[in-house]
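Colleague: okay, sequence plus prediction incoming.
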Amino acid sequence: MLEDRLPQVIDPDAPIFTVSVAASLAGMHPQTLRGYDRMGLVVPRRAKGRGRRYSPRDISRLRLIQQLSQEEGINLNGIRRIIDMRDELDQMQRKLDQMAELMARMTEVQEEVQRVFLAGPGGEVDYSRYRRPPRPRAIEM
């Protein structure tokens with residue numbers, strides 16, 4: 001069975017396409033891909049024999065470059081800036097996601113801390129005598 005041997009999910013960063021296949025998938029000439037590599041717009045990984053290998057993410061980037069240059073009329077310097085900004089935005093989104101996850105964990109811890117109560121010698125629970133210390137307030141300047 002062929003489907004048993006194929007991966008179920010393809011890593012978007014796996015370097016699997018040669019220059020000719022990547023060029024075909026992106027609708028470009030292979031020499032164009034080599035030029036983009038020299039300019040640093042799309043830098044594929046290198047195979048053992050120094051051949052370029054493109055990932056699915058690289059193909060998406062090549063298609064974006066094609067769209068921006070041909071349909072939008074943006075020059076390569078403009079495309080480079082757009083790609084750099086997209087990369088920075090992706091990085092900030094990952095950091096934001098990490099911070100949101102951290103805040104969710106902190107909220108869980110805070111809820112656990114707020115469940116403090118007093119127990120009497122007979123095991124009875126007494127909430128009335130417990131006074132939470134006041135929260136520190138931010139200093140306003």
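Modeller: That came through fine.

Colleague: for the chain, name the helix or strand with the lowest mean pLDDT.
Modeller: Least confident helix or strand of the chain, by mean pLDDT, DSSP states H and E, is helix 2-5 with a mean of 61.

Colleague: packing partners for the top helix by length along the chain?
Modeller: Criterion DSSP state H: the longest helix present in the chain is helix 76-113. Judged by 3 or more Cβ pairs under 8 Å, 6 or more residues apart in numbering; DSSP states H and E, the packing partners of helix 76-113 are helix 56-66. Every residue, glycine included, has its C-beta placed from N, CA and C.

Colleague: please save the CA atoms from the helix it packs on in CSV.
Modeller: Output of helix 56-66 as CSV, limited to C-alpha atoms (Å, rounded to 0.1, in the frame of the first residue of the first chain):
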residue,chain,number,x,y,z
PRO,A,56,6.8,23.9,0.5
ARG,A,57,7.3,27.1,2.5
ASP,A,58,9.9,28.2,-0.1
ILE,A,59,7.4,27.5,-2.9
SER,A,60,4.8,29.6,-1.2
ARG,A,61,7.3,32.4,-0.9
LEU,A,62,8.3,32.1,-4.6
ARG,A,63,4.6,32.3,-5.5
LEU,A,64,4.2,35.4,-3.4
ILE,A,65,7.2,37.0,-5.1
GLN,A,66,5.7,36.1,-8.5
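
Colleague: so what pLDDT did Tyr54 get?
Modeller: On pLDDT, Tyr54 comes in at 94.

Colleague: beta-bridge partners for it, please?
Modeller: Note on Tyr54: beta-bridge partners by DSSP bridges are Phe17.

Colleague: that one against Pro44, yeah?
Modeller: Yes: counting by Cβ atoms under 8 Å, Tyr54 touches Pro44, with 4.6 Å between them.

Colleague: more neighbours, the two?
Modeller: Tyr54 (26 against 21; other Cβ atoms under 10 Å).

Colleague: next SSE downstream of the least confident helix or strand of the chain?
Modeller: Counting by DSSP states H and E, the next helix or strand C-terminal to helix 2-5 is helix 19-26.

Colleague: many thanks, I have nothing further to ask.
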